[in-house]
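1. give me a 3D structure for the following:
(one chain, ligands or ions: 2)
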Amino acid sequence: MPAILAIESSCDETSAAVCVDGAILSNVIANQTIHEAYGGVVPELASRVHQQNIVPAVQQALFNAKVSKNDIDAVAFTRGPGLLGSLLVGVSFAKAFALARQIPLIEVNHMQAHILAHFIAEKKPAFPFICLTVSGGHTQIVLVKDYFDMEIVGQTLDDAAGEAMDKTSKILGLPYPGGPLIDKNARNGNPDAYQFPEPQIPGFDFSFSGLKTSILYFIRDNVAANPNFIQEHMNDICASVEKRIATILLNKLKRAAQQYGIKHVALAGGVSANTGLRNLLQQMGDQNGWEVFIPKFEYCTDNAAMIAIAGYHKYLKGEFIGQDVAPLARMPF
Ligand code: KG4
Ligand code: ZN
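-> Ligands and ions are numbered 1, 2, ... in the order given. Predicted coordinates for the structure are as follows:
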């Protein structure tokens, strides 16, 4: 019956969760609104806010779970990838907590944890399955052979899907993070109003930089002709951009699933909260006879529950790490 405290601090969310015997009992997420004014995450500010948030987040997670700190058996934490200063806060806290209580530490890869969030739910994918992991920093098609045996079969060569969402929203004058706003506006727009190009990249890799440039030129040219173009067509622009990003992702995912003969297909990462992407994946799954796994909203964007479930499966394997562990801005699988 291991009780695991999990810490996530890789970017701009400070999160703590408690998991007992594989069940998530709490998942506290402290968002950082300070970055809105800057149009993106400011790393130095992020690490300072993590310092303020980490102790209250952990206290709240223990309180919500009704678990005493004396009953925690291990501490799982995000080692990477992410912003070094942000990671450092979570890693230092986890090390101090484990040292004080003389309990083991478990390192977790943030991108693997996004995928393993599927093992929180009752309905779990069967190995091997394919996961499209789409976040603010990564876009990956991953062949998941076992909990910690994962192979990246395709990834972005430049921007991530979340970055494409956020940069588009910036062009449209929307605040950061723009992904959720694009989603909201798109619900009232026509996804076929405007056609943006689909990049022709070989294999299962992606590229979003060309799309970003074409959106930029499209807006520039239309605003030159009509200064109110964005305001008048905001919903249609958001719906069309969202659909193009979703179809770029899903067309590759479909080919990968076909090539590997996989019928269990999952979505993970912050962009998996996107309504259009979720709906289109479900449709594609129905058409292709796939079993589709889409995370609950609370497990799409960064959260410590996914670190806890990954930590739990490492605990079962007895995979612990020493006190000399340091964060990794880049962390391969
Ligand atoms: O996984 P995540 O929380 O953080 C990283 O590890 O990067 O992903 C954050 C990304 C941001 O780019 C954000 O705009 C995007 O996920 N995002 C969305 C939605 N919610 C979050 N993009 C589109 N639609 C959404 N509903
Ligand atoms: Zn993430």
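2. every contact and neighbour count from this point should use C-alpha atoms.
-> OK.
3. okay, and residue 199 sits in which element?
-> Following DSSP states H and E, there is no helix or strand that holds residue 199.
4. quick one: name the residues of the stretch 1-150 of the chain near ligand 1.
-> 135-137 (C-alpha under 6 Å from any ligand atom).
5. which of these ranks first by neighbour count?
-> residue 135 (23 neighbours; other C-alpha atoms under 10 Å).
6. re the thing from before, which among the residues of the stretch 1-150 of the chain next to ligand 1 gets closest to residue 301?
-> residue 135 (7.8 Å; C-alpha to C-alpha).
7. tell me where the protein has strands.
-> With DSSP state E as the criterion, the chain has strands at 3-8, 13-20, 23-31, 74-80, 105-109, 129-134, 139-146, 149-155, 264-268, 291-293.
8. mean confidence for the first one?
-> Along strand 3-8, the predicted confidence averages to a pLDDT of 98.
9. adding pLDDT, write the residues of the stretch 1-150 of the chain next to ligand 1 out as CSV.
-> As requested, those are exported to CSV (pLDDT from 0 to 100):
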residue, pLDDT
135, 94
136, 91
137, 91
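10. out of these, name the ones that lie in helices.
-> In this view, those have no member that belongs to helices under DSSP state H.
11. and of those residues, the nearest to residue 41?
-> residue 136 (10.6 Å).
12. from residue 279, how far off is the closest one?
-> Using C-alpha to C-alpha, to the nearest Å, we find residue 136 at a distance of 20 Å from residue 279.
13. next one: residue 265
-> Residue 265 is 14 Å from residue 279, where distance means C-alpha to C-alpha.
14. equivalent analysis for residue 287, please.
-> According to C-alpha to C-alpha, residue 287 stands 12 Å off from residue 279.
15. any idea how far residue 7 is from residue 133?
-> 20 Å.
16. ok, residue 201 next?
-> Look at residue 201 and residue 133: by C-alpha to C-alpha, they are 18 Å apart.
17. same check on residue 323?
-> Here the criterion is C-alpha to C-alpha. By it, residue 323 lies 30 Å from residue 133.
18. so between these two, which is more surrounded?
-> Counting neighbours by other C-alpha under 10 Å for residue 323 and for residue 133 shows that residue 133 has the greater number, 25 against 15.
19. OK, contacts around the closest residue in space to that one that isn't next to it in sequence?
-> Spatial nearest neighbour of residue 133, excluding adjacent residues (C-alpha to C-alpha, 6 or more residues apart in numbering): residue 268 at 4.6 Å. Residue 268 is in contact with 114-115, 117, 131-135, 294-295, 300, counting by C-alpha atoms under 8 Å, 6 or more residues apart in numbering.
20. before we move on, what about residue 189?
-> 234-240.
21. mind checking how far it is from residue 154?
-> Taken as C-alpha to C-alpha, the span from residue 189 to residue 154 is 31 Å.
22. same question for residue 147.
-> For residue 147, the distance to residue 154 equals 19 Å [C-alpha to C-alpha].
23. look at residue 271 and say how many residues are nearby.
-> When neighbours are counted by other C-alpha under 10 Å, residue 271 registers 26.
24. and the angle for whichever helix in the chain runs longest with strand 139-146?
-> What stands out as the longest helix in the chain, according to DSSP H, is helix 229-260. Relative orientation of helix 229-260 versus strand 139-146 (axes from the mean of the first three to the mean of the last three C-alpha atoms, to 10 degrees): 30 degrees.
25. helix 229-260 vs ligand 1: in contact?
-> No - applying C-alpha under 6 Å from any ligand atom, one finds helix 229-260 separated from ligand 1 by no less than 7.8 Å.
26. returning to what we had before: so for residue 265 and residue 279, which sits in the more crowded spot?
-> More crowded of residue 265 and residue 279, by other C-alpha under 10 Å: residue 265, with 24 against 13.
27. next one: the more buried one from residue 293, what distance?
-> Residue 265 sits 6 Å away from residue 293, going by C-alpha to C-alpha.
28. give me the common contacts of these two.
-> Common neighbours of residue 265 and residue 293 (C-alpha under 8 Å, 6+ apart) are residue 125.
29. need the contact partners of the helix or strand of the chain with the lowest mean pLDDT.
-> Of all helical and strand segments in the chain, the minimum by mean pLDDT, DSSP states H and E falls on helix 161-171, at a mean of 94. Helix 161-171 is contacted from outside by 39, 134-139, 175-179, 181-182, 208-209, 212, 215-216, 219, 242, 245, 270-271, using C-alpha under 8 Å, 6+ apart.
30. now list the buried members of those residues.
-> 39, 134-139, 175-179, 181-182, 208-209, 212, 215, 219, 242, 245, 270-271 (16 or more other C-alpha atoms under 10 Å).
31. show residues contacting stretch 45-56.
-> By C-alpha under 8 Å, 6+ apart, the list of residues contacting stretch 45-56 from outside reads 9, 11-16, 30, 32, 34-35, 85-90, 93.
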